[in-house]
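1. Fold the following.
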Amino acid sequence: MPVSLEIIFRTLTAFIMLWVFLHILGKQTIFQKTYHLFIATITMGTIAGNLAFNINIKFRYFILSFVIMGAVIFTLNTLAVKKHRYKEWIAGKPIFLIQEGKIMEASLKKIGYSLDMLTQALRGKDIFNIEEVECAILEVNGSLSVLKKAEYQNVMRKDLNLVPPSSKVL
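-> Numbering: from 1, shown residues only. Model (predicted):
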């Protein structure tokens, strides 16, 4: 087979394998970003890229590698969902960065998160004064969840005893 046809075949095969991989493992692979899914995404992309262009390595070795990696990831996902005692080890756990209004400096230091990084993440949540925060948690996927102190929380219609207008769902 000519090299150009082999590359076309390998590229299409790599695309199909990645597509099947994402469908089997679900949407959490796209939105990740737990440790094992982050590693899986990079590794599977690397294997697929090499499959497409590295004609010096036999095609079946790439397929075998892809299947093994897919099986490992599928097993880890299954364990993380079905066996809660393994979930923290596989996926990680959320970390309190601010608790009861106090900055958890030991937690920041443990994960290599600076005060500047924390204030930047808070600004991303429209919080410009750290004194407004009751609790801030760095989630497993890297996002920051924030609970403002009661006096800084937004007022809701129910707080003002206002009846919301009825809304119809289409």
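
2. Specify the local secondary structure of residue 168.
-> coil (DSSP: H, G, I helix; E, B strand; the rest coil).

3. quick one: it and residue 63, what's the gap?
-> 52 Å (CB to CB, to the nearest Å). Just so you know, the C-beta spots here come from the backbone N, C-alpha and C atoms, and that holds for glycine as well.

4. do the same with residue 102
-> 53 Å.

5. One more: residue 141?
-> 30 Å.

6. do residue 44 as well
-> Taking CB to CB, one finds residue 44 at 13 Å from residue 63.

7. Check residue 125 too.
-> 45 Å.

8. mind giving me the domain ranges of this structure?
-> With domains defined by automatic domain parsing, the chain comprises 3-90, 95-152.

9. Lowest average confidence across the ones you listed, which one?
-> When those are ranked by mean pLDDT, domain 3-90 comes last with a mean of 82.

10. Do me a favour and get the end-to-end distance for that one?
-> 41 Å (CA to CA, to the nearest Å).

11. And for stretch 75-91?
-> Start-to-end, stretch 75-91 (CA to CA) is 13 Å.

12. Pull out the buried residues from that stretch.
-> Neighbour-count burial for stretch 75-91, counted by 16 or more other CB atoms under 10 Å, picks out 76, 77, 79, 80, 87, 90, 91.

13. can you map out the helices along this protein?
-> 3-25, 28-31, 35-53, 59-82, 84-91, 105-111, 115-124 (DSSP state H).

14. neighbouring contacts of the fourth one?
-> Translated: helix 59-82. The contact list for helix 59-82, computed with CB atoms under 8 Å, 6 or more residues apart in numbering, reads 10, 13, 17, 21, 24-26, 28, 34, 36-37, 40, 43-44, 47-48, 50-51, 54, 86-87, 90-91.

15. Okay, angle between that helix and helix 84-91 too, please.
-> Helix 59-82 and helix 84-91 are oriented at 130 degrees to each other (axes from the mean of the first three to the mean of the last three CA atoms, to 10 degrees).
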